[in-house]
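Asker: Okay, structure incoming, though there's no sequence with it:
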C-alpha cells in the first residue's frame, strides 16, 4: 500500500496529448471535487448509507486516477471494500487516513501546477 503521495504529471500530460490547458482543467476538477467526495463519504457514513459511501469512494478513486495518485486511489479502494461489507469502524479509520492523504495530494498538486505554470 502506497503511503507517500506521488503524482504522474508527465504521464497525465502525455495522456491529454500535451494539452496543458486541458490538464489544468482536470487538475481544477481534482482540487474542487476531491473534498466534496470526502464530505459525501463522511455524510453517508453518518447516515449508514454504505452504497453511497462506496459510490463516493469510487468516484474519488476515478478522479485522482487522472494524476495516477496511487496512495489516494488505494485508500479509496479500501473504503469501497469496507462499505460493501458495512464495516463502519474500518471505514471511519480509513477515512481519516484518506483525508490526510488528500491534503498531501493537494500540496503536491500545487507544486505540480507551479512547475507546469498552469495556475
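Answerer: Received it, and whenever you're ready, just let me know what you need. Quantities reported herein were computed from a predicted structural model and do not represent experimental measurements.

Asker: Show the low-confidence segments of this protein, by residue range.
Answerer: Scanning the chain with the threshold set as pLDDT under 70 gives 1-3, 117-119.

Asker: who does the biggest helix by length in it touch, helix- and strand-wise?
Answerer: For the chain, the helix with the greatest residue count under DSSP state H is helix 88-116. Applying 3 or more Cβ pairs under 8 Å, 6 or more residues apart in numbering; DSSP states H and E, one finds that helix 88-116 contacts helix 9-15, helix 20-46, helix 50-64, helix 70-84. To be clear about C-beta, it is placed using only N, CA and C from the backbone, and glycine gets the same treatment.

Asker: relative to helix 70-84, how tilted is the third one?
Answerer: Put simply, helix 50-64 runs at 160 degrees to helix 70-84, going by axes from the mean of the first three to the mean of the last three Cα atoms, to 10 degrees.

Asker: for helix 50-64, packing partners?
Answerer: Counting contacts by 3+ Cβ pairs under 8 Å, 6+ apart, helix 50-64 packs against helix 20-46, helix 70-84, helix 88-116.
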